[in-house]
Every structure is written in structure tokens, then in C-alpha cells.
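In: 3D, please:
(one chain, ligands or ions: 1)
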Amino acid sequence: MKSYDRLVFELSREGRKGYSLPKSSWKASLSSIPGTLLRKVPLPLPQVSEPDAVRHYTCLSGMNFGVDNGFYPLGSCTMKYNPKVNEEVASLPGFASVHPLQPEDTMQGTLQIYHELCRALSAITGMAAFTLNPFAGAHGELTGLMVMRQYHMSRNDMKRTRVIVPDSAHGTNPASAAVCGLQVVQVKSTADGTIDVDDLEPLLDDTVAGIMMTNPNTLGLFETEIRRIAELVHACGGLLYYDGANMNPLLGKVRPGDMGFDIMHLNLHKTFSTPHGGGGPGAGPVGVCEALAGYLPDPAVVQDDDGRFHIVRNPHSAGRISGFMGNFSVLVKALAYIRTLGRGNIRMAGPLAVLNANYVKESLKDCYRLPVDRICKHEFVFDGLADTSSGITALDVAKRLLDFGFHSPTIYFPLLFHQSVMIEPTETESKETLDAFIDVMRRIAAEAASDPDVLRQAPHDTPVRRPDETLAATHPVLRYKI
Ligand SMILES: *Cc1c(COP(=O)(O)O)cnc(C)c1O
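Out: Residues are numbered from 1 along each chain as shown. As a prediction, the model looks like this:
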């Protein structure tokens, strides 16, 4: 029996309580609130004892699955282990209780973290300047595209309204371009899975604001024609945007700035040690080349000749994209992570992530169809089972994995294949974990032939089995009381 089998929701009993507030302080402050604002009828909150509340939430947490429970090979998400020491550093009182409106003099350490992280990310990526204000990867994309638009507008080049996005791009790329008021133009991939330069060339003219590229791309492949693409796009007056959410395998190896990119974002909550999923706090810093530094959003942090740090506004900025200066605790974790690894060790993350991905790919490619059979970077994509006669789908495989305690890979993305199964093991997994996953994936392939119904009905052992995802999205039930 799992702990959540005992989970009940209606625990409230009249008069039961699980809190003890110091009477004196709250009674005293009550008198300072105008009578018209005071609640006349008590809120209908559940009345439960402290152990009931603790057990309820502990049971609920047992229904969740995170990277701290087990292997989580969700492609394009880099669900690697995030060292706990970075959480401790971020929760030190000086960091955790800083207020964004404090006088500069009282938060020099905070501003120093911001400044140092910008410099560390510049060193890692080869970009001249960074803003750490965006809250997520997609928010970074929007910020970067606003910088792109601001650059063209400042040159009075108003017709540049088209952004080129590869067909393998993450869905946020075209979405961010559309939110920024730009028109999305798709460029095709070759059979090898990289951008088709022949398809790109005719799209390039003086209406192109820029191209968004993900590298390694969504198939886990290093884009081989970057130099040529950079020349072509720059020659037509456009800019190169680098979606660096997948930067993990390239850390310390190659730098987008050196490849000719003008603007990029990073996902600190993938590559730089912040747990993510479920919409938790993230950060999507945006880096730009020297010529664009003046267009980064407000506010920024600079250091003066005396070593003091200041918050500054920028007269030419693309605007303000967050209330203050980003999700500070995420920034602290990222800097702690970078400093802990140091220049030498950070170079090891990529090769280990690449080795793990290729090991899993090679160990499974006889059972699962591998549409692009090349050395991959951090992730790769199968297109369903090699033997399709059972009709078993990517969804069936994903659901069956849950029965064995593994999180599912990303499925049905990228859209290039009908039965995409996108696997990213990351560098933090041991060979034993990878072998256990490979065994289960092989077992599932065997079950597809011998007992396909077991797969069609999976998962057998989870609190929720196969929810109607369309219904869940269109009619979400967000309260336990209907
Ligand atoms: C995750 C991801 C994004 C979006 O990042 P969010 O923080 O989820 O907004 C964009 N591009 C790629 C390639 C990604 O993997």
C-alpha cells in the first residue's frame, strides 16, 4: 500500500485546530485595522489538527515524482540533479531576506552576486553583456527578441518584421516571436536533422529581423552549418538568436559568442542547478554582443572605479521585463554551482552528458527506431518501436515506464516524427541507473510483442493513470470541492 492510498480530502471537524498564534501581538494589530475592512464572517477554512495537516501534505508529496525520486530523462528539459548545497547557500538569511527597494549601500553583496554572475555567464558564452532579469527561458526569448526589434528600430529599419525559426524548434520560439509582434517563417530541416541551408537562402531579404537557432538542436544534434548561416543572415542585415536552453553539453567547450550569435538566452533552471518543473521559479538570462549591450532591459548593475555596485537605468533599453531584477535565489544557486565546479570541472559536464546519451541510444537502437543515426549531443529522439506490428504507441511506452519507477521521456515532440520519444539522461546519472533504464526499455519492447495489452493499460501502479489531457486543459478542476 502506498502512502497516498490513505489520502482523504474531507478532514475538517468543527472546532479542531492546528495553530497557536501568540495572542497578544495579533489582537493588538487588529485594533489598527478600520472596522469596515474587518471580516464579519469567519473564512470557511478546513479545521484540522497539525498532524492531520502534516500527514495530508506528506501523502500528497508522495504522489509527486521529481529528480530526487528517480531517473527523469525528459528530453529538452535537462532534468539533472541539483546539488543541495546550492539551496543552502541561496537560503542564507542575507540572500533570502533582501528587499528589492533597499538602499544600494545595504545590498552591495546582492549586487555583487548579480554582477559576478553576469561576468561568469559572459565568460561561458562569449557574449559581451547579460541581463539576469527574465524569469524563464521563454521570457528570455521575448526579451532577446525585444532587443532585436529595438536594434532595428533604432536604425530606422522598420520593415524587419520576420523571424526565421527551424521546424525542429522548441514551441516557445515561434510563440515568443508572435508575442513580440514578429511574423514567424519556418525553415526546414534536412534528412540529417539540421537546418537546410538551401531552404533558408531564398527566405533571406531585407524584411528579416533575425533567425532563432537552438544548438544542439532539438534532435540533440550540433548544427554543422552555423558559420555559413551566420554569414548569410548577417549579410542580409538580420541578427542571430541562440536558444541556449540546451547549453549544458557545450559548457566550457564552445561559445555561442564565438560562433557569430548576437543574442542568446540560457535556462539557469536547466543547466545551472535550479530544480524545475511545475512552474517553479526559474531564470532565463539574456546575453548580447557588444553592439547590442545598450538595448538590454532595465535595470542593470554596474561597478564603479571604487568597487561599489550600482543599479542603473539605460536610456536606450528595450524596456523593463520584470518588476525588479529577476529571481534572485536562482541567480545565487547558479553562481554557487559555477564557482563550485570551476573552470576545469564545468568542462566535464558536457562530455559526460554526451557519453550518457550515446550509451543509452546505442543500447536501445535495435529495439526502437532511430530516424537520425548519428553521434548525438546530450539527447536523441526515437520514432517509436522498431517493430511497429503491435501498434504500440509512444504514449504506451511512456506510461509503462512509470510502473518501473522512471519518469517518462518527452513524447510526441519534436513534431518531425509521429512517435517521438526524446531521451536526455544528463551527466549526473550513474551507469547503474542508465543500465536499469535500458533493461526496462528493452523489456517494454519485448512486452509489445508478447503482451501488448499490459502496455495499453499502463500505468498499473500510479495514483493517476491516463487522464484525459484535453479535458484537463480545457476544464481544469482546481479545487477539491466542485
Ligand atoms: C525549456 C526550453 C525552452 C523554454 O524554457 P522555459 O523556461 O520553459 O520557458 C526554450 N527552448 C528550449 C530548447 C528549451 O529546451
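In: mind listing what P299 touches?
Out: When contacts are counted by C-beta atoms under 8 Å, 6 or more residues apart in numbering, P299 is found next to N133, I311, V312, R313, N314, R320, F324, M325. C-betas here are computed from N, CA, C, even on glycine.
In: mind doing that once more with 10 Å?
Out: By C-beta atoms under 10 Å, 6 or more residues apart in numbering, P299 lies in contact with 100, 114, 131, 133, 310-314, 317, 320, 322, 324-325.
In: pLDDT value on it, please?
Out: You'll see P299 listed with a pLDDT of 94.
In: ok, the one 5 residues further on next?
Out: What the model reports as pLDDT for D304 is 96.
In: R6 too?
Out: At R6, pLDDT is 69.
In: now the chain against the ligand: closest residue?
Out: Using C-beta to the nearest ligand atom, the single residue of the chain nearest to the ligand is G137, 2.3 Å away.
In: tell me, how many neighbours does the residue nearest to S317 when sequence neighbours are not counted end up with?
Out: In this structure, S317 finds its nearest non-sequential neighbour in D298, 4.8 Å apart by C-beta to C-beta, 6 or more residues apart in numbering. Neighbour count for D298, taken as other C-beta atoms under 10 Å: 18.
In: up against the ligand, what does the stretch 51-200 of the chain have?
Out: Residues of the stretch 51-200 of the chain lying close to the ligand (C-beta under 6 Å from any ligand atom) are S76, A136, G137, A138, H170, T172.
In: just confirm A230 is within a helix.
Out: Yes: assessed by DSSP: H, G, I helix; E, B strand; the rest coil, A230 belongs to a helix.
In: got the contact list for the spatially closest residue to it that is not a sequence neighbour?
Out: Spatial nearest neighbour of A230, excluding adjacent residues (C-beta to C-beta, 6+ apart): G260 at 3.3 Å. Taking C-beta under 10 Å, 6+ apart, we find G260 in contact with I226, R227, I229, A230, E231, V233, H234, L240, Y242, C289.
In: ok, H139 touching S176?
Out: Yes: H139 lies in contact with S176 (C-beta atoms under 10 Å); the separation is 8.4 Å.
In: neighbour-wise, which of those two wins?
Out: Higher neighbour count among H139 and S176: S176, with 28 against 21, using other C-beta under 10 Å.
In: for the more buried one, identify the helix or strand it belongs to.
Out: Using DSSP states H and E, the element containing S176 is helix 172-179.
In: only the buried residues of the helix or strand just after that helix, if you could.
Out: Next in sequence after helix 172-179, counting helices and strands by DSSP H and E, comes strand 183-187. Buried residues in strand 183-187, counting neighbours by 16 or more other C-beta atoms under 10 Å, are found at V184, V185, V187.
In: same question for stretch 292-303.
Out: Neighbour-count burial for stretch 292-303 flags L292, A293, G294, Y295, L296, P297, D298, P299, A300, V301 (criterion: 16+ other C-beta under 10 Å).
In: and for stretch 203-215?
Out: Neighbour-count burial for stretch 203-215, counted by 16+ other C-beta under 10 Å, picks out L203, L204, T207, V208, A209, G210, I211, M212, M213, T214, N215.
In: which of the contacts of G260 count as buried?
Out: Applying a neighbour-count criterion of 16+ other C-beta under 10 Å, the buried members of the contacts of G260 are I226, I229, A230, V233, L240, Y242, C289.
In: of the residues you listed, closest to M127?
Out: C289 (6.3 Å; C-beta to C-beta).
In: can you tell me the closest non-neighbouring residue to E87?
Out: Closest to E87 by C-beta to C-beta, 6+ apart is K333, at 6.9 Å.
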